[in-house]
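Engineer: please find the sequence and the predicted model below.
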Amino acid sequence: MIKNYLRITFRSLWKIKGYSAINILGLTVGLTSFLMILLYLNYELNYDRWDPELEKVYKVSLRDAENDISPNTQAPLANLLRENGSQIESSTKISTDATFEVPLSVGEKTFSQSGTISADSLFFSVFPYKIVAGDALNPLQKPNAMVISESMSNKLFGNENPIGKTIKTFNSFDFEVTAIMENPEGPTHLNIEIVYRSPFEKQNYHWENWSFHTYVKTKNILAGNDLETAIDRIYYTERLMKETGKTYDQYVKSANHTSLFVDAVHDIHNFPKYGTSNIGTISILLVLAILLLFTGAINFSNLSIASSLRRAKEVGIKKVLGSSRANLFWQFMIEITLQCTIALFLSFLLISIAIPYFNQEFGVSLNLFGPGSSWSLIAQVVGCLIIVTLLSGLYPAVFLSRYNTTKVLKGDYSRGKQGLALRNGLIVVQFVVAAFFIISIVVVNRQLTYMQNSDKGFSSEQVLRVQTLMMKNREENFEQVKTELLRIPGIQSVAKTTKVPGDVLSDTSTMNFKHEGASYRLGSVKVSQDYFKTLNIDLIEGRSFNDSHADQHTRSAIINEAAAKRLGIQHAGGTYISYPDCDSIPIEVVGIVKNFNVTGFEQEIQPTVFTIGNDACVFQSGGAILVKLSGGDMDKTVAVIEKLWKDIEPGLGIRHSFLDENFQQLFASHLRLKRIVTFFGFTAIAMAIIGLFALTAFLIGRRTKEISIRKILGADLSDLGILLGKDFLRLVALAVLIAIPLGWWAANAWLQGFAYKISFSVWQFVLSAAVLLIVSACTICIHIVKASRSNISDNLRNE
């Protein structure tokens with residue numbers, strides 16, 4: 001029987017191959033989009049789940065009373081928690097930036113490598129990396145120990161055994177390879193290739209050093225709140241109780257207190273307690289993919305119902321010959337299942353073509369059938385096929401199997417208003433999705449255009465960002481480096497900053513400042529004298545920095561407008577602030593500069609204090625040197641800078657990029673979203689229009705005799721257009737009216753993630769509605785014109 005069903009199915013599909021192709025291709029596009037995003041979602045949710053032991057690993061951060069977050073922690077914190085926490089099995093501290101490219105030398109080979117971190121000797125007791133060669137018990141025990149990944153071993157040493165060999169960093173420090181660790185099978189937030197013991201570990205071990213990330217591993221899996229309470233009590237008891245004289249409970253209830261909190265490692269990438277996450281974008285993409293899949297399923301169901309009249313006599317005859325409704329139902333369900341299965345296999349083919357582009361665009365490593373595939377993904381795909389089959393085919397199968405034998409054999413194929421209402425409802429839903437996508441495209445494009453064209457408050461054009469690997473060139477030797485750079489023709493000015501505009505990992509931490517007896521949390525940025533000149537930042541009050549001793553030794557400050565508003569300062573000069581936590585000597589605010597945006601448009605501009613030097617309070621370094629180039633042959637100027645840098649930092653190479661290009665990288669995720677929304681949108685619109693095209697062709701084709709009679713009675717093209725098109729256009733108009741409030745709500749929810757955003761205007765919704773109505777009207781008119789021009793005698797010859 002199944003063989004017979006399949007034979008009938010292939011005959012039916014071939015007989016109406018045009019409609020079948022539209023059905024299958026519509027489902028294919030929807031399934032491809034959905035499965036690609038599902039694959040991406042599985043990848044993202046698999047972060048830091050490559051070993052069960054990671055369930056017990058947590059990252060420790062600090063939060064103050066004003067909810068300012070410091071992901072960086074003090075050097076001794078890991079030891080303090082391990083020695084005093086009964087629930088903690090081990091702890092470790094690591095350097096903060098695994099994306100930083102460290103210069104490495106092996107023999108004559110020199111290159112830079114990201115994923116290189118320094119850590120203490122207990123790193124591998126916290127993170128369960130598998131040691132596949134070398135010292136598996138304590139690979140970081142030696143003070144100059146280094147552990148490399150399998151991929152790094154192949155890159156550096158090929159087929160040779162690297163154990164005991166030497167790798168040099170920064171052209172200065174020699175490390176011995178003590179072990180090789182296996183690369184994790186799943187994605188991880190650290191992306192580590194090399195771990196080594198810092199040569200400055202002992203001298204950097206003090207509570208004033210906030211240059212580390214702290215991780216702890218518990219003896220058992222604990223709730224995050226329980227662990228937070230335990231380690232926060234330890235931190236207060238051992239570090240702060242002597243200063244405050246309060247009990248822990250009293251301190252927690254006080255207005256001004258600092259507390260520790262934890263993030264489970266497997267939640268850091270997608271559900272962190274601070275910072276940005278990619279899960280919002282993924283959720284948007286998943287919703288859009290579901291909508292597109294739903295549109296394809298609706299298209300399938302609608303065309304199946306419309307074309308069912310072609311099968312009415314077949315159903316009637318089979319019922320006369322003894323077929324039951326159940327037999328007919330399963331026959332049509334098998335037909336629909338076969339079409340859905342074909343669509344699934346075609347979607348696999350499209351996914352295999354699209355995956356390389358998707359991986360490059362999103363910086364991931366998706367693989368449909370590779371080693372990373374899992375049974376859960378296969379189960380999800382099978383479940384998706386079942387749901388799509390039921391959604392697409394359940395009602396058409398029921399619809400076809402319920403035809404009345406007597407009526408259909410007499411030529412009456414009507415199913416009454418119920419079938420018509422369902423078909424119209426599906427058309428409305430399909431065009432609601434299409435209108436929603438049009439509104440999304442307009443809003444996303446307007447916001448991206450606004451972000452790219454808005455005044456950032458500084459000029460990033462022709463500003464070169466030069467990364468200094470040696471701290472001395474950013475600190476004590478900076479003036480010498482600046483002088484050498486300014487000798488190069490084509491360089492206008494040179495400056496440095498610890499917070500570079502456009503950097504993805506920009507320092508957003510704050511510190512306490514005191515003004516007129518009150519304490520304020522403000523950003524602190526160290527710059528050089530020509531910083532504001534280099535970036536062409538406007539001074540709106542007071543003066544800029546000069547060569548005076550006060551300016552050069554952290555006794556003068558310039559603040560931005562946001563800080564002036566926070567502090568209540570209206571005029572520069574004669575106004576003072578201070579560091580209440582570590583330095584009570586007042587610092588004069590000598591200037592106020594215009595607000596300028598250095599971290600994108602998602603966050604409001606941070607109130608910031610700019611100072612020169614590290615002569616007060618905490619030591620701040622890092623960042624980069626900024627070089628302002630004049631017009632002309634910039635490639636030649638950059639080439640001279642590269643040549644000079646070989647003398648400034650010999651053997652390390654130079655890393656540079658233009659500031660405007662870096663700033664555009666802040667929009668990278670939004671640009672990807674724009675491209676995907678546009679692709680999904682035009683696909684959904686195309687599917688809706690193709691479905692409407694096929695449906696109108698079929699239904700108008702059934703009315704050719706009626707159209708011919710009306711033409712004989714004097715109806716012209718406009719009369720036929722109103723008669724045949726008004727019902728479809730009413731449905732499209734209804735869909736637009738439903739989609740406008742939905743689009744308004746969704747766009748407003750998305751824009752809440754931006755501190756600086758566009759305002760809604762009526763025209764963008766009117767434009768979206770007009771586009772859909774015009775395209776739909778044109779689609780319907782094609783068939784109306786074709787039907788009106790057909791030969792009347794041919795249409796009426798056979799009755």
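Structural biologist: Structure's in. What do you need?
Engineer: where does this protein have its least confident helix or strand?
Structural biologist: Least confident element among the helices and strands of the chain, by mean pLDDT, DSSP states H and E: helix 405-409 (a mean of 55).
Engineer: wait, what's in contact with Pro71?
Structural biologist: Listed by C-beta atoms under 8 Å, 6 or more residues apart in numbering, the contact partners of Pro71 are 59, 61, 96, 213, 274-275, 509. All C-beta spots, glycine's among them, are computed from the backbone N, C-alpha and C.
Engineer: how close does the residue nearest the centre of the chain get to His269?
Structural biologist: In the chain, the C-alpha nearest the mean C-alpha coordinate belongs to Asn278, at 3.9 Å (C-alpha atoms, centre = their mean). Separation of Asn278 from His269 (C-beta to C-beta, to the nearest Å): 7 Å.
Engineer: again with Gly107
Structural biologist: 36 Å.
Engineer: who has more neighbours out of those two?
Structural biologist: Between Gly107 and His269, His269 has the larger neighbour count (other C-beta atoms under 10 Å), namely 19 against 11.
Engineer: how about the backbone phi and psi for that one?
Structural biologist: Dihedral pair for His269: phi -70, psi -40, per degrees, to the nearest 10.
Engineer: ok, now Gln74?
Structural biologist: The phi and psi values for Gln74, taken as degrees, to the nearest 10, are phi -70, psi 150.
Engineer: what about the strands in the stretch 601-750 of the chain?
Structural biologist: Shown for the stretch 601-750 of the chain, the strands assigned by DSSP state E, counting those that start in this stretch span residues 608-611, 624-629, 655-658.
Engineer: make CSV out of these and add mean neighbour count, mean pLDDT and distance to Asn445.
Structural biologist: Output for those, formatted as CSV (neighbours: other C-beta atoms under 10 Å; pLDDT from 0 to 100; distance: least, C-beta to C-beta, whole Å):
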stretch, mean neighbour count, mean pLDDT, distance to Asn445
strand 608-611, 24, 93, 32
strand 624-629, 23, 92, 32
strand 655-658, 16, 86, 25
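Engineer: and of these, who's closest to Ile24?
Structural biologist: strand 655-658 (47.3 Å; C-beta to C-beta).
Engineer: rewinding a little: leaving out the residues flanking it, which one is nearest to the residue nearest to the centre of the chain?
Structural biologist: Excluding its sequence neighbours, the residue lying closest to Asn278 (C-beta to C-beta, 6 or more residues apart in numbering) is Glu44, at 6.3 Å.
Engineer: pretty sure that neighbour is in a strand, no?
Structural biologist: No. Applying DSSP: H, G, I helix; E, B strand; the rest coil, one finds Glu44 to be helix, outside a strand.
Engineer: elements contacting the lengthiest strand in the chain?
Structural biologist: When the chain is parsed with DSSP state E, its longest strand is strand 583-593. With contacts taken as 3 or more C-beta pairs under 8 Å, 6 or more residues apart in numbering; DSSP states H and E, strand 583-593 sits against strand 539-542, strand 556-560, helix 561-567, strand 575-579.
Engineer: any low-confidence regions in the stretch 351-500 of the chain?
Structural biologist: Low-confidence segments of the stretch 351-500 of the chain (pLDDT under 70): 369-374, 392-393, 395-420, 422-423.
Engineer: surely Val132 is within a helix?
Structural biologist: No. Looking at Val132 with three-state DSSP, it is strand, so not inside a helix.
Engineer: no further questions, thank you.
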